[in-house]
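Peer 1: Could you look at this predicted model? Sequence included:
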Amino acid sequence: MLRKISASVLSWTYLVLVYAFIFLPVAVLVLFSFQDGRLPVPPFNGFSLQWYEAVFADRKLMAALGNSMVVALASSVISVLLGFLAAYALARYKLPGSALQRGLLIAPMTVSYLIIALGLLSVLNALHVPLSLMTVGIGHVVINLPLCFAIIYASMGDHHINIERAARDLGASDFKVMALVTAPMLMPSILAAFFLSVTFSWDEFIIAFLLSRFDVTLPVEIWSMLRSGLNPKTNAIGSLVFLASVAVLFILELSLFGRTKKQ
(Lines give C-alpha, C1' and ligand atoms only; values in the text may rest on other atoms or scores of the structure.)
Protein backbone atom coordinates (compact mmCIF):
# COMPACT_ATOMS: atom_id res chain seq x y z
CA MET A 1 0.00 0.00 0.00
CA LEU A 2 2.81 2.37 0.94
CA ARG A 3 4.60 1.57 -2.31
CA LYS A 4 1.48 2.40 -4.33
CA ILE A 5 1.10 5.74 -2.56
CA SER A 6 4.76 6.56 -3.07
CA ALA A 7 4.56 5.63 -6.77
CA SER A 8 1.43 7.76 -7.18
CA VAL A 9 3.04 10.75 -5.47
CA LEU A 10 6.19 10.41 -7.57
CA SER A 11 4.23 10.10 -10.81
CA TRP A 12 2.11 13.17 -10.02
CA THR A 13 5.19 15.12 -8.97
CA TYR A 14 6.92 14.19 -12.20
CA LEU A 15 3.83 15.17 -14.21
CA VAL A 16 3.56 18.55 -12.48
CA LEU A 17 7.26 19.26 -13.03
CA VAL A 18 7.02 18.39 -16.72
CA TYR A 19 4.01 20.64 -17.28
CA ALA A 20 5.64 23.43 -15.27
CA PHE A 21 8.78 23.13 -17.40
CA ILE A 22 6.69 23.40 -20.57
CA PHE A 23 4.17 26.07 -19.62
CA LEU A 24 5.98 28.21 -17.05
CA PRO A 25 7.81 30.30 -19.70
CA VAL A 26 4.50 30.92 -21.47
CA ALA A 27 2.82 31.90 -18.20
CA VAL A 28 5.63 34.34 -17.43
CA LEU A 29 5.37 35.78 -20.94
CA VAL A 30 1.63 36.39 -20.58
CA LEU A 31 1.95 37.72 -17.02
CA PHE A 32 4.58 40.33 -17.82
CA SER A 33 2.71 41.44 -20.94
CA PHE A 34 0.45 43.19 -18.41
CA GLN A 35 3.39 44.77 -16.59
CA ASP A 36 2.76 48.37 -15.56
CA GLY A 37 6.34 49.43 -16.18
CA ARG A 38 9.00 49.92 -18.81
CA LEU A 39 10.67 46.51 -18.44
CA PRO A 40 9.05 43.03 -18.46
CA VAL A 41 11.06 41.83 -15.45
CA PRO A 42 10.27 41.20 -11.77
CA PRO A 43 8.90 42.57 -9.60
CA PHE A 44 5.44 42.66 -11.12
CA ASN A 45 4.16 46.22 -10.74
CA GLY A 46 0.48 45.65 -11.45
CA PHE A 47 -1.87 45.08 -14.36
CA SER A 48 -1.99 47.40 -17.33
CA LEU A 49 -3.18 47.13 -20.95
CA GLN A 50 -0.87 49.86 -22.19
CA TRP A 51 1.44 47.45 -24.02
CA TYR A 52 -1.42 45.81 -25.88
CA GLU A 53 -2.57 49.27 -26.92
CA ALA A 54 1.01 50.02 -28.02
CA VAL A 55 1.09 46.83 -30.11
CA PHE A 56 -2.09 47.72 -32.01
CA ALA A 57 -0.79 51.26 -32.49
CA ASP A 58 2.55 50.05 -33.89
CA ARG A 59 2.23 50.04 -37.69
CA LYS A 60 5.39 48.00 -38.19
CA LEU A 61 4.18 45.25 -35.87
CA MET A 62 0.73 45.16 -37.46
CA ALA A 63 2.28 45.04 -40.93
CA ALA A 64 4.60 42.22 -39.87
CA LEU A 65 1.65 40.38 -38.34
CA GLY A 66 -0.27 40.69 -41.60
CA ASN A 67 2.76 39.52 -43.58
CA SER A 68 3.10 36.45 -41.35
CA MET A 69 -0.56 35.58 -41.85
CA VAL A 70 -0.29 35.92 -45.65
CA VAL A 71 2.89 33.86 -45.87
CA ALA A 72 1.66 31.17 -43.46
CA LEU A 73 -1.72 30.69 -45.14
CA ALA A 74 -0.47 30.86 -48.74
CA SER A 75 2.54 28.59 -48.19
CA SER A 76 0.44 26.10 -46.22
CA VAL A 77 -2.23 25.87 -48.93
CA ILE A 78 0.44 25.24 -51.58
CA SER A 79 2.29 22.75 -49.36
CA VAL A 80 -0.88 20.77 -48.62
CA LEU A 81 -1.95 20.76 -52.29
CA LEU A 82 1.46 19.59 -53.54
CA GLY A 83 1.78 17.12 -50.66
CA PHE A 84 -1.64 15.62 -51.40
CA LEU A 85 -0.91 15.28 -55.13
CA ALA A 86 2.48 13.67 -54.44
CA ALA A 87 1.00 11.30 -51.84
CA TYR A 88 -1.84 10.30 -54.13
CA ALA A 89 0.49 9.62 -57.05
CA LEU A 90 3.00 7.59 -55.05
CA ALA A 91 0.32 5.65 -53.16
CA ARG A 92 -2.00 4.82 -56.06
CA TYR A 93 0.33 4.42 -59.04
CA LYS A 94 3.43 2.31 -59.65
CA LEU A 95 6.01 4.91 -60.58
CA PRO A 96 9.66 4.19 -61.40
CA GLY A 97 11.87 4.76 -58.39
CA SER A 98 8.91 5.45 -56.08
CA ALA A 99 10.93 4.59 -52.96
CA LEU A 100 13.65 7.01 -54.03
CA GLN A 101 11.05 9.68 -54.76
CA ARG A 102 9.52 9.28 -51.31
CA GLY A 103 12.95 9.59 -49.76
CA LEU A 104 13.73 12.74 -51.73
CA LEU A 105 10.40 14.29 -50.72
CA ILE A 106 11.00 13.65 -47.03
CA ALA A 107 14.72 14.52 -47.13
CA PRO A 108 14.30 18.27 -46.34
CA MET A 109 12.92 17.30 -42.92
CA THR A 110 16.41 16.08 -41.98
CA VAL A 111 18.22 19.22 -43.17
CA SER A 112 18.83 22.29 -41.03
CA TYR A 113 16.69 25.33 -41.84
CA LEU A 114 19.92 27.33 -42.06
CA ILE A 115 21.28 25.10 -44.82
CA ILE A 116 17.98 25.26 -46.71
CA ALA A 117 17.85 29.06 -46.38
CA LEU A 118 21.44 29.51 -47.57
CA GLY A 119 20.85 27.16 -50.50
CA LEU A 120 17.68 28.99 -51.53
CA LEU A 121 19.41 32.34 -51.14
CA SER A 122 22.19 31.23 -53.48
CA VAL A 123 19.71 29.94 -56.07
CA LEU A 124 17.58 33.08 -55.91
CA ASN A 125 20.64 35.30 -56.27
CA ALA A 126 21.84 33.27 -59.24
CA LEU A 127 18.42 33.64 -60.89
CA HIS A 128 18.34 37.37 -60.00
CA VAL A 129 15.06 36.95 -58.11
CA PRO A 130 14.54 39.86 -55.67
CA LEU A 131 13.94 38.97 -52.04
CA SER A 132 10.37 39.50 -50.89
CA LEU A 133 7.50 37.81 -49.08
CA MET A 134 7.15 35.54 -52.12
CA THR A 135 10.66 34.16 -51.63
CA VAL A 136 9.90 33.63 -47.94
CA GLY A 137 6.78 31.72 -48.97
CA ILE A 138 8.85 29.58 -51.34
CA GLY A 139 11.20 28.72 -48.49
CA HIS A 140 8.29 27.78 -46.23
CA VAL A 141 6.83 25.55 -48.94
CA VAL A 142 10.18 23.75 -49.14
CA ILE A 143 10.20 22.99 -45.40
CA ASN A 144 6.46 22.27 -45.02
CA LEU A 145 5.89 20.14 -48.13
CA PRO A 146 7.72 17.08 -46.71
CA LEU A 147 5.63 17.26 -43.52
CA CYS A 148 2.35 17.54 -45.44
CA PHE A 149 3.36 14.68 -47.74
CA ALA A 150 4.33 12.41 -44.82
CA ILE A 151 1.06 13.03 -42.92
CA ILE A 152 -1.21 12.54 -45.93
CA TYR A 153 0.72 9.58 -47.37
CA ALA A 154 0.62 7.76 -44.01
CA SER A 155 -3.19 8.06 -43.90
CA MET A 156 -3.79 6.62 -47.40
CA GLY A 157 -4.66 3.08 -46.36
CA ASP A 158 -5.59 0.18 -48.62
CA HIS A 159 -9.21 0.31 -47.39
CA HIS A 160 -9.68 3.50 -49.42
CA ILE A 161 -8.82 1.71 -52.67
CA ASN A 162 -12.09 -0.25 -52.82
CA ILE A 163 -14.12 2.94 -52.41
CA GLU A 164 -12.13 4.60 -55.19
CA ARG A 165 -12.66 1.57 -57.43
CA ALA A 166 -16.40 1.71 -56.77
CA ALA A 167 -16.45 5.37 -57.80
CA ARG A 168 -14.62 4.53 -61.04
CA ASP A 169 -17.05 1.68 -61.75
CA LEU A 170 -19.86 4.22 -61.45
CA GLY A 171 -18.26 6.33 -64.17
CA ALA A 172 -16.19 8.85 -62.23
CA SER A 173 -12.98 10.06 -63.85
CA ASP A 174 -9.64 9.88 -62.07
CA PHE A 175 -9.79 13.59 -61.29
CA LYS A 176 -13.29 13.30 -59.79
CA VAL A 177 -12.24 10.29 -57.74
CA MET A 178 -9.28 12.21 -56.37
CA ALA A 179 -11.20 15.43 -55.71
CA LEU A 180 -14.63 14.09 -54.64
CA VAL A 181 -13.78 10.75 -53.02
CA THR A 182 -10.18 10.56 -51.85
CA ALA A 183 -9.79 14.15 -50.64
CA PRO A 184 -12.94 14.11 -48.43
CA MET A 185 -11.90 10.77 -46.91
CA LEU A 186 -8.49 12.22 -46.09
CA MET A 187 -9.82 15.56 -44.89
CA PRO A 188 -8.78 15.07 -41.21
CA SER A 189 -5.19 14.38 -42.30
CA ILE A 190 -5.27 17.23 -44.81
CA LEU A 191 -6.48 19.69 -42.18
CA ALA A 192 -3.94 18.39 -39.66
CA ALA A 193 -1.15 18.91 -42.21
CA PHE A 194 -2.48 22.38 -43.03
CA PHE A 195 -2.64 23.62 -39.45
CA LEU A 196 0.76 22.17 -38.57
CA SER A 197 2.18 23.85 -41.66
CA VAL A 198 0.60 27.17 -40.62
CA THR A 199 2.09 26.81 -37.14
CA PHE A 200 5.60 26.06 -38.40
CA SER A 201 5.47 28.85 -40.99
CA TRP A 202 4.13 31.31 -38.42
CA ASP A 203 7.02 30.72 -36.00
CA GLU A 204 9.84 30.25 -38.52
CA PHE A 205 12.66 32.81 -38.29
CA ILE A 206 15.84 31.77 -40.15
CA ILE A 207 14.33 31.41 -43.62
CA ALA A 208 12.15 34.49 -43.12
CA PHE A 209 15.21 36.49 -42.03
CA LEU A 210 17.50 35.44 -44.88
CA LEU A 211 14.92 35.51 -47.70
CA SER A 212 13.17 38.81 -46.92
CA ARG A 213 14.25 42.40 -47.35
CA PHE A 214 11.82 45.22 -46.60
CA ASP A 215 8.57 43.34 -45.94
CA VAL A 216 9.36 41.18 -42.92
CA THR A 217 7.38 38.64 -40.95
CA LEU A 218 6.51 38.88 -37.27
CA PRO A 219 9.45 36.80 -35.89
CA VAL A 220 11.91 39.00 -37.80
CA GLU A 221 10.24 42.17 -36.52
CA ILE A 222 10.29 40.87 -32.94
CA TRP A 223 14.00 40.04 -33.31
CA SER A 224 14.72 43.58 -34.50
CA MET A 225 12.85 44.94 -31.47
CA LEU A 226 14.82 42.74 -29.07
CA ARG A 227 18.11 44.05 -30.46
CA SER A 228 17.45 47.34 -28.67
CA GLY A 229 16.69 45.64 -25.34
CA LEU A 230 13.75 44.17 -23.46
CA ASN A 231 10.39 45.59 -24.43
CA PRO A 232 6.98 44.69 -22.92
CA LYS A 233 5.49 45.00 -26.41
CA THR A 234 7.26 41.79 -27.39
CA ASN A 235 5.54 40.03 -24.49
CA ALA A 236 2.19 41.46 -25.55
CA ILE A 237 2.49 40.42 -29.21
CA GLY A 238 3.81 37.02 -28.13
CA SER A 239 0.82 36.55 -25.83
CA LEU A 240 -1.59 37.50 -28.60
CA VAL A 241 -0.01 35.01 -30.99
CA PHE A 242 -0.06 32.28 -28.34
CA LEU A 243 -3.69 32.89 -27.43
CA ALA A 244 -4.69 32.95 -31.11
CA SER A 245 -2.92 29.60 -31.65
CA VAL A 246 -4.66 28.08 -28.64
CA ALA A 247 -8.03 29.36 -29.87
CA VAL A 248 -7.48 27.84 -33.33
CA LEU A 249 -6.46 24.48 -31.85
CA PHE A 250 -9.46 24.53 -29.48
CA ILE A 251 -11.87 25.26 -32.32
CA LEU A 252 -10.23 22.55 -34.44
CA GLU A 253 -10.55 20.04 -31.61
CA LEU A 254 -14.25 20.81 -31.13
CA SER A 255 -15.25 21.01 -34.77
CA LEU A 256 -13.12 18.37 -36.50
CA PHE A 257 -11.74 15.82 -34.06
CA GLY A 258 -14.84 15.91 -31.86
CA ARG A 259 -16.99 15.07 -34.87
CA THR A 260 -14.58 12.30 -35.89
CA LYS A 261 -14.79 10.67 -32.46
CA LYS A 262 -18.59 10.71 -32.57
CA GLN A 263 -18.55 8.93 -35.91
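Peer 2: That came in fine, so what should we check first?
Peer 1: What ranges does the protein have for its helices?
Peer 2: Per DSSP state H, the chain carries helices over the ranges 2-32, 50-57, 59-92, 98-106, 113-126, 133-154, 159-169, 174-176, 183-185, 187-203, 206-210, 218-226, 232-252, 258-262.
Peer 1: Which residue is the nearest non-sequential neighbour of the residue most central in space within the chain?
Peer 2: The residue lying closest to the centre of the chain (Cα atoms, centre = their mean) is residue 199, at 2.0 Å. Using Cβ to Cβ, 6 or more residues apart in numbering and skipping the chain neighbours, the partner closest in space to residue 199 is residue 245 (6.8 Å). Yep, even glycine has a C-beta here, placed from its N, CA and C like the rest.
Peer 1: That neighbour and residue 146: what is the separation?
Peer 2: 22 Å (Cβ to Cβ, to the nearest Å).
Peer 1: give me the number of residues near residue 62?
Peer 2: Neighbour count for residue 62, taken as other Cβ atoms under 10 Å: 15.
Peer 1: Report pLDDT for it.
Peer 2: At residue 62, the model reports a pLDDT of 85.
Peer 1: Now do the contacts for it.
Peer 2: Listed by Cβ atoms under 8 Å, 6 or more residues apart in numbering, the contact set of residue 62 reads 55, 56.
Peer 1: Relative to residue 122, how far out is it?
Peer 2: For residue 62, the distance to residue 122 - Cβ to Cβ - is 33 Å.
Peer 1: Residue 245 and residue 146: which has the busier surroundings?
Peer 2: residue 146 (20 against 15).
Peer 1: Relative to residue 69, how far out is the spatially closest residue to residue 67 that is not a sequence neighbour?
Peer 2: Closest residue to residue 67 apart from its sequence neighbours, by Cβ to Cβ, 6+ apart: residue 217 at 5.1 Å. Per Cβ to Cβ, residue 217 is found 9 Å from residue 69.
Peer 1: Tell me which of the two has more neighbours.
Peer 2: Set residue 217 next to residue 69 and count neighbours by other Cβ under 10 Å: residue 217 wins out with 30 against 16.
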